[in-house]
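[1] Any chance you could fold what I've pasted below:
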Amino acid sequence: MTINKDIIKHKINIQHNEDIILSDSGSDMIRQAIQATLQREAVDMLCVVNVLASNDEMIREYNREYRHIDKATDVLSFPMQTFLQAGWSGLIDKEVDEDTGDLPLGDIIFSIETAKKQAEEYGNSVEYEIAYLMIHSTLHLLGYDHKDENSEKVMHKKNKSIIQEMGFTNNDQ
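    This is a model prediction of the structure:
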């Protein structure tokens, strides 16, 4: 992926619970995937995205509490902004942090355990799977959803295009 020197370097904060170990290259790849998505979507204001790397037990708790689904999942997105329509141009009433002037876009929680299982199931690398999940979740933070067949196709196409621009390939492309 060609990086434009004029692009905005968004603030991407990565945390993990104590039994999860993320390598520096894993953290860099997470940042690249989120940055690539925000760049592709022409986000022209400094945003903050918080990422929590978790295990299946922890993400199950979040899924149960916030979605009332009592099972582990791969990734959860918690948007902090409201979109009239999907995409940066659909953002309404920006709620900017008064102290920093940054736009808190939202939070992402993902399960490394589930990402590893899915990578094996789909024949992908773990890096590919996590990058895919970060792109997917960032699209959710930007108002995209997959509640119907049409919106699911839009998200899948965007996800696939961004991950290819990052240099990844997988078995189903």
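[2] so how far is D148 from the residue nearest to D70 when sequence neighbours are not counted?
    Sequence neighbours aside, R64 is the residue nearest to D70 in space, at 4.8 Å (criterion: C-beta to C-beta, 6 or more residues apart in numbering). Every C-beta, even on glycine, is put in place using the N, C-alpha and C of the backbone. According to C-beta to C-beta, to the nearest Å, R64 stands 25 Å off from D148.
[3] Pick out whichever of those two has more residues nearby.
    Neighbour count, other C-beta atoms under 10 Å: between R64 and D148, R64 has more, with 13 against 8.
[4] by contact count, what packs against whichever strand or helix holds the more buried one?
    Taking DSSP states H and E as the definition, one finds R64 inside helix 56-67. If contacts are counted by 3 or more C-beta pairs under 8 Å, 6 or more residues apart in numbering; DSSP states H and E, helix 56-67 sits against strand 75-79, strand 103-111, helix 112-122.
[5] The same query, at a cut-off of 6 Å, please.
    strand 103-111 (3 or more C-beta pairs under 6 Å, 6 or more residues apart in numbering; DSSP states H and E).
[6] How far does the strand it packs on sit from its chain's centre?
    In terms of C-alpha atoms, centre = their mean, to the nearest Å, the centre of strand 103-111 is set 7 Å apart from its chain centre.
[7] Give me the contacts around it.
    45, 47-52, 54, 56, 59, 62, 72, 75-80, 94, 96-97, 133, 137, 141 (C-beta atoms under 6 Å, 6 or more residues apart in numbering).
[8] tell me the angle of that strand relative to strand 75-79?
    160 degrees (axes from the mean of the first three to the mean of the last three C-alpha atoms, to 10 degrees).
[9] which residues of this structure score low on pLDDT?
    For the chain, the stretches with pLDDT under 70 are 1-6, 170-173.
[10] redo that, cut-off 80
    Residue ranges of the chain with pLDDT under 80: 1-7, 17-19, 21-23, 169-173.
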